[in-house]
Every structure is written in structure tokens, then in C-alpha cells.
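Participant: Prediction below, plus the sequence it came from.
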Amino acid sequence: MIQVREVTKRYGAKTVVDRLSFEARPGQVTGFLGPNGAGKSTTMRMIVGLDAPTSGDVLVNGKPYASSKAPLHEIGVLLEAKAGHPGRTAVSHLLALARTHGIPRARVDEVLGLTGLSAVAHKRVGAFSLGMGQRLGIAAALLGDPAVVMLDEPVNGLDPDGVLWVRNLLTGLAAEGRTVMLSSHLMSEVSLIADHLVIIGRGRLLADTTVADFVTAEGVRVVTAAPDALRTAIAGPGVTVTSTGAEELLVTGATARAIGLAAAARGIPLFELTPQNTSLEEAFMTLTHNAVEYEAAR
Amino acid sequence: MKITPAGVVAAEWTKFSSLRSTWVTTGISVFLLIAFGMIASASVSDDSLSSVDLALSGSTLAALAVGVLGALLGAGEYTTGMIRATLAAVPRRLPVLWSKSLVAGTAALVTMTAGAFAAFALGSAVLNDEVGRLALGDDGVLRALFGAGLYLGLVAVLGVALGMLVRSSAGAIAILAGLLLIVPGLAALLPDSIADTITPYLPSNAGSAVMALTHDDGTLGPWTGLAVFAGYVVVALAATAVRLKKTDA
């Protein structure tokens, strides 16, 4: 469980996180979304106490992180790929972290196996690809068998196999009752893994919702003088028609072309025939449009 | 599973011992100490210098090398991004500084004490005829050799503190070289009355006093000197502790 409560972070005059509150709950995958520069990484650093909030506080499993007797058992984090000395081997890197908590060597080998790094365990981290660095970071996050797993942009640099692996790993961890939180600036990536969505822009909370609620139904919007006649004309398997107004229908399961042809064949006048292509990605873009920090000039 | 002081020390030892650069820097420090001691022993004759003083001639360069070792260990946490993983594992933070100082200081103490004894033995073997020969049992010899190890161990701790204070290897090494090598030279430019008063208290002069066999009015006593140097190290550690605790990583 992660509780972020009214957290603000300022660097000089710049407010990076602005009175942000949300919770990431056990048994769920929480997707933490926002455009670049929205304050995601800063928020994640504040959760593990690397940055101190200007005001507000953060609780991990009900208490401030620094007060924990076994921090790695509370929360495992991946904050950036390649956070380690390039001259150290993967196994030494993990061993150095493990020893702080008296975690046995066997657990180090276990997480190396779990993340598919056993073969390169004795290679220097500096020679690792971005994807291998991500896997090492995930291995470090899992080291203490933590109740909360928090990963910043975990699929960056991973190949499609790796992305699928992360997806299965995270949903598996949540199914075990752990709290899982991952950040991304790509909606498409998160919508496949997350149950719960926390969307921020310019440090402010834009939406705290679920993937199901966030999705806008796709379909074709039809405005016609004879909605009942059109319903009959286009009825078929897989086609659903909902009435959204006196003369308006929202049709899913049929293309605009098929609806137009069916209406023409029966002489039903149409005033409007508009495909509704609002995808998750577009809904996200619409939501965050005004909160984009670094926008290309146009 | 619990975070313990011994665990944090073990973790810092793992970090220290798993880098090739630490072994290379340690090796260079020992080599400089012995090599310069042997060269001076074989070639320098000066009435004011005993055979122990000559054997420890390499201590200035060795101090720079162990200081660099400490600075690389301290600043390396920041330059590589490792510090975030380190502090996420040890969120109380200060145990990391104490443990890293302990590991670097002890490693330097052990290797440099051995190096000082080796420099004395090998220096005595090649000693030129103009200089009087001393044995381990003579007055002050053991104190000077163990003192060299203690001083160089403290220099390594100073390096760790500076590295974690300025968070950059180049910056820490520059400050270290400035403190140990350049400041004494600058002090010589001051008017004599001022220079005479402050010169003995400068870091490298104070610390070196423990290694000197003979003392004149212009130097501190051996243990007073080492205590003054330890004072500088404590100040550096305190400043680093404040910055580590108060600022974002």
C-alpha cells in the first residue's frame, strides 16, 4: 500500500508536484501516467524518501519509509535503468544491496534466475544493454520479497518478449496480493497491465480512475430522421445500437460504410454519420493536452 | 530479514572489494609508498633526516593516492547513480557514510601499515652509507611506522567524506590535492610571523608529524599532530553527514 497525501515538491520557484494525493492498493496494478516532465519520477523518488516533499507526506504500508526496520522488504523499486557502478558485476551489485538486510546469497541467485540474468551474472553491468539494465533493476526490486513493487518506466528498452514478461510478472505479483505500481508516458503500454490508473500532468492529479471507466466506447455516431427504421435495417449479429438522443444512435459492430449503404437501400435520410475513434490513447492525450510540459512548437 | 549496522558494513565491503579500480588504486598507493621510500633511502643524505624519515618519503604521494581511493568510492555512488539504490535500501542514510568510511579507512590502514613496514625494511636494505641505520626497536621507529598507517587510513576517510560531500570525483580529488599539497605551499607565501603560527596546523603537516622521528619547534608533536588531522576529518565527515541527511539524493 502506498499513500501519497497532499504532496507538494518545489525546486526554487518551480512546482514539480502540486498537492498530489492518491493511493496504490494491494492486489492491484496501479498505472502511474503522465506526459514527460509531469512529475512521475519525482513522486516516485519521494515515495522512497530519496527526495523530501516540500509539504505533505507519503506512507508505505502505513508508515514513513525511513522508519522501516527492513526497507527492502516493504518496497522494491526500479527508479532508472543502469543505476549501478558500471565496473561491478550483476551478482556483486545485487549482493551489495542484499547484505544490508542480511538477505542470503541464494536469494540473489534466485532473482537473477527470475529475471533471466543467470547467464550474465558475472558480467560487468557497464556492458549491459538497456534491456538487461532494466532486468537487473527489476531483480534488485524483487530482492527483499517486498510487499510493494514500484517500477519507473520498466518496459523502456525491452524487446517484445521482455514487455510480455514484465506484464506477466507484474500481474502475477499483484495476484499474490502485493501492491504494484508502474509509471509510463504511454497509455497503450499501461492499459494492458494496470487495473487502476493515476494520471498526472504538471504535477497535478488529472484522473484517479480504472482502465474500464477510462475507456470511451468506440462506435459510429448516426443522426437520422428515422432511428427505429435504421435499427431494423442494420440489425445483425455483433451489432449493438444505443440511443443517445431523439435522433441520435451510437452503433458498434458495424462500419460507417455498411450503415450508410443500409440506410440508402431503404431510403432512410441520414444527417450525420461519424466514426467515433476515441481510443484509450486519445482519451489520455485529450486529458493531458493542457498539461504537457515540453510541447513541440507548431 | 532486517537492516543491521553489520549488514551495512558488509555491503560497503562488498562494494569496495568488487571493483577493480579499488584494488588498482590501493596497489598504486602501496607501490608509491615503498618505491619512493627505497629511492630516497638509496640516494638522499641529509643530516636532519633519519632512515625512517627517508623510508617514509613516499607518504605524501601515497596520501594523495589513498585520498583518491576514498574520493572515488564516495563520489562514485553519485556519478554512477548507485546512490539511489543504496539509499533506497538504507533510507536512514547516515549508516552508509559511517560504513563506507570504516571500510575505506580500515582497508587503507591495514595496507598502508604493511606498506610502511615494507618500505622501512626494503629502504634499510638499500640505505646509503651517509645515513645512520635504525632498527625497529629504536626510539620512535614503531610509532612512526604505525603512525604512517593511521595517517593514511584517515586520509582515505577524508577522501570518502569529500567524495560524498561534493558528489563529483574530479571536484573531490581537486579539493583533496589542494588541501594536502597546495595549501602548505601557499602558506609559505604568507609573512613569516603568520606562516610560522599556522603552518604546523595545516592538514598534511599536522598529519605527517606522527611519522617524523625528529621534531623541531616548527612542527606539532606526533600524537597532537595526528589528533589535529583527525579533527579535520571529523569536520569533513560532519559536513558530509549534514548534506547527506538534508538534501535530495
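Facilitator: Arrived safely, thanks for sending.
Participant: Tell me the residues of chain A that contact chain B?
Facilitator: A:45, A:48-52, A:65-66, A:68-73, A:77, A:79-80, A:82-89, A:92, A:95-103, A:140, A:144-145 (C-beta under 8 Å from any C-beta of the partner chain). No exception for glycine: its C-beta is placed from N, CA and C like everyone else's.
Participant: Take those and keep only those in strands.
Facilitator: A:Val77 (DSSP state E).
Participant: Just the buried residues of the residues of chain A next to chain B.
Facilitator: Neighbour counting with 16 or more other C-beta atoms under 10 Å in any protein chain shown marks A:45, A:48-51, A:65, A:68, A:70-73, A:77, A:79-80, A:82-85, A:87-89, A:92, A:95-101, A:103, A:140, A:144 as buried within those.
Participant: list the contacts for the residue nearest the centre of chain B?
Facilitator: For chain B, the residue nearest the mean C-alpha position is B:Val155 (2.3 Å; C-alpha atoms, centre = their mean). Shown in contact with B:Val155 (C-beta atoms under 8 Å, 6 or more residues apart in numbering or on different chains): B:Ala63, B:Val66, B:Gly67, B:Gly70, B:Ala108, B:Leu180, B:Gly207.
Participant: Also A:Thr210?
Facilitator: By C-beta under 8 Å, 6+ apart, the neighbours of A:Thr210 are A:Asp195, A:His196, A:Leu197.
Participant: doesn't A:Arg25 make contact with A:Val180?
Facilitator: No. With contact defined as C-beta atoms under 8 Å, A:Val180 does not count as touching A:Arg25 (9.9 Å).
Participant: coming back round to it: can you read off the pLDDT for the residue nearest to the centre of chain B?
Facilitator: B:Val155 carries a pLDDT value of 98.
Participant: ranking the contacts of B:Val155 by neighbours, who comes first?
Facilitator: Within these, neighbour counts (other C-beta atoms under 10 Å in any protein chain shown) peak at B:Val66, which reaches 36 neighbours.
Participant: what's the pLDDT at that one?
Facilitator: 97.
Participant: and the next element down the chain from the host helix or strand of it?
Facilitator: Here B:Val66 is covered by helix B:59-79, with elements defined by DSSP states H and E. Downstream of helix B:59-79, the first helix or strand assigned by DSSP H and E is helix B:82-89.
Participant: do that next one and chain A meet?
Facilitator: Yes. Helix B:82-89 is in contact with chain A by C-beta under 8 Å from any C-beta, via B:Met82, B:Arg84, B:Ala85, B:Thr86, B:Leu87, B:Ala88, B:Ala89.
Participant: hang on, isn't B:Ala188 packed against B:Ala195?
Facilitator: Yes. Judged on C-beta under 8 Å, B:Ala188 makes contact with B:Ala195 at a distance of 6.2 Å.
Participant: Looking at these two now, which is surrounded by more residues?
Facilitator: B:Ala195 (16 against 9).
Participant: separation between that one and A:Asp228?
Facilitator: Here B:Ala195 is placed at a distance of 105 Å from A:Asp228 (C-beta to C-beta, to the nearest Å).
Participant: quick one, what contacts residue 177?
Facilitator: By default, I'm working from chain A. Here A:Gly177 is in contact with A:Pro26, A:Gly27 (C-beta under 8 Å, 6+ apart).
Participant: oops, I was thinking of chain B
Facilitator: Applying C-beta under 8 Å, 6+ apart, the residues near B:Ala177 are B:Leu64, B:Gly67.
Participant: For the residue lying closest to B:Ala135 once chain neighbours are set aside, give its distance to chain A.
Facilitator: Leaving out its chain neighbours, the residue that sits closest to B:Ala135 by C-beta to C-beta, 6 or more residues apart in numbering or on different chains is B:Val141, at 7.1 Å. Between B:Val141 and chain A the distance is 39 Å, computed by C-beta to the nearest C-beta, to the nearest Å.
Participant: same thing with B:Leu19?
Facilitator: The gap separating B:Leu19 from chain A is 5 Å, by C-beta to the nearest C-beta.
Participant: just for chain B, where's the confidence low?
Facilitator: Across chain B, nothing is flagged by pLDDT under 70.
Participant: what's the burial count for the residue of it found nearest chain A?
Facilitator: Using C-beta to the nearest C-beta, the single residue of chain B nearest to chain A is B:Ser18, 3.6 Å away. B:Ser18: 18 surrounding residues under other C-beta under 10 Å.
Participant: Please give me every residue in contact with it.
Facilitator: A:Arg88, A:Thr89, A:Ser92, A:Leu95, A:Ala96.
Participant: One more pass at 7 Å, please.
Facilitator: By C-beta atoms under 7 Å, 6 or more residues apart in numbering or on different chains, B:Ser18 lies in contact with A:Arg88, A:Thr89, A:Ser92.
Participant: Closest to B:Gly76 out of these?
Facilitator: Comparing those against B:Gly76 with C-beta to C-beta places A:Arg88 closest, at 10.0 Å.
Participant: returning to that earlier point: from the contacts of B:Ser18, which land in helices?
Facilitator: Residues of the contacts of B:Ser18 located in helices (DSSP state H): A:Ser92.
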